[in-house]
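Novice: model the structure of this input:
(chains A and B)
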Amino acid sequence: MNHFRMEILVKPRPGLLDPQGKAIHHALRSLGWSDTQDVRVGKAIYIDLEAEDSDTALETAQAMCRKILANPVTEDFEVSIVEHTERITA
Amino acid sequence: MRVGVVTFPGSNCDYDLYKAAQQIGAKVEFIWHRQKNLDAYDALMLPGGFSYGDYLRAGAIARISPVMEDIIGFAENGGPVLGICNGFQILCEAGLLPGALVRNASLRFESKDIHLRVEQTDTPFTSEYQKGQILRMPIAHGEGNYEADDQLLEALEAEGRVVFRYVSSDGELSDEANPNGSKNSIAGLTNKSGNVLGMMPHPERAMEEILGSIDGVGVFLSLATNLSTVVL
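Specialist: Residues are numbered from 1 along each chain as shown, chains lettered A, B, ... in the order given. Below you'll find the model as predicted:
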């Protein structure tokens, strides 16, 4: 088995009102970053897991997203591997 | 009528709901979130609060509680299920109601009395009201902003599943009267077969004059009336 650190980005779906992003947008503009066009706020979830290979690790994380980590009505998700340690088993 | 009030870790309106159901003559029991087998109940109620600290998303963790499987089965068999506030959020996360409840457009936790218009009276929860009746009851939530895509909204409206809408005190729809930015000012809706109702406002906190309003009584009275005609 290999060890993987997965990064899961859960993002508000395009077109969906993101009041938190809007508030941050206003804050940035009021601090002088007047060129800021839009701000969207999501969350990053890091999961350590053991899997046969990277495909299995990605599939597992995607299944987690579909089942609980993201709400399909309001959120999209993106899954990637940020760390991979091979374990040699005897 | 035997009512089960489901308590999740972090529920905080369970006693209010217990009292409200008791007030209209129900025999009420608390159901711990690990309980299996809900055969003893005629109706189930999911209270407000912050189940599992609202971690991840409001209702997201509660919906995988052991009790939820039986609640889903109960609802699918036509049993009446009422979810209030966090209970509504849990019902959406569990897929018993469509759509989702997201952060209030105001970005504030809104705790105040609001006005509702009764849009449907042919449900087991609203039959004691008049269509178009204006009710006053409290809200207290940070994530009550009902979100659904246009296709779903159209279906909800066409099927008459929007039961309560936020309105002004004289019954008019407006952005000002919509406390959280909900699409179509939706405050409460039912599933397709009408036996599951989710609503953000708190009828269980509007049961006695001393609380400032008795407009919530109708929800519980309707349920009692409908169950007594069914059960007999």
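
Novice: got the residues of chain A near chain B?
Specialist: For chain A, the contact set with chain B under CB under 8 Å from any CB of the partner chain comprises A:16-17, A:19-20, A:23, A:68-69, A:71, A:73-74. Bear in mind the C-beta positions are built from the backbone N, C-alpha and C, glycine included.

Novice: show me what residue of chain A gets nearest to chain B.
Specialist: Nearest to chain B, among the residues of chain A, is residue A:73, at 4.0 Å (CB to the nearest CB).

Novice: around chain A, pick out the residues from chain B.
Specialist: Selection of chain B residues close to chain A by CB under 8 Å from any CB yields B:56-57, B:60-61, B:64, B:92-93, B:98-100, B:102-107, B:145, B:147-149, B:181.

Novice: buried residues in stretch A:7-21, which are they?
Specialist: Buried residues in stretch A:7-21, defined by neighbour count with 16 or more other CB atoms under 10 Å in any protein chain shown: A:8-13, A:16-21.

Novice: what's the pLDDT at the closest residue to residue A:48 other than its chain neighbours?
Specialist: Nearest residue to residue A:48, sequence neighbours excluded (CB to CB, 6 or more residues apart in numbering or on different chains): residue A:5, at 5.4 Å. Note on residue A:5: pLDDT of 96.

Novice: ok, and what's touching the helix or strand containing residue A:5?
Specialist: In this structure, residue A:5 is located in strand A:2-12 according to DSSP states H and E. Contact with strand A:2-12 is made by A:18, A:21, A:40-54, A:57-58, A:61, A:64-65, A:69-70, A:74-87, as judged by CB atoms under 8 Å, 6 or more residues apart in numbering or on different chains.

Novice: put the alpha carbons of the helix or strand of chain A with the lowest mean pLDDT into CSV.
Specialist: Here the helix or strand of chain A ranked lowest by mean pLDDT, DSSP states H and E is helix A:19-30, holding a mean of 91. Output of helix A:19-30 as CSV, limited to C-alpha atoms (Å, rounded to 0.1, in the frame of the first residue of the first chain):
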residue,chain,number,x,y,z
PRO,A,19,-22.1,36.0,0.1
GLN,A,20,-18.8,35.3,1.9
GLY,A,21,-16.9,35.9,-1.3
LYS,A,22,-18.9,39.1,-1.9
ALA,A,23,-18.0,40.4,1.5
ILE,A,24,-14.3,39.7,1.0
HIS,A,25,-14.5,41.3,-2.4
HIS,A,26,-15.8,44.5,-0.8
ALA,A,27,-13.1,44.3,1.9
LEU,A,28,-10.4,44.0,-0.8
ARG,A,29,-11.7,46.9,-2.8
SER,A,30,-12.0,49.1,0.3
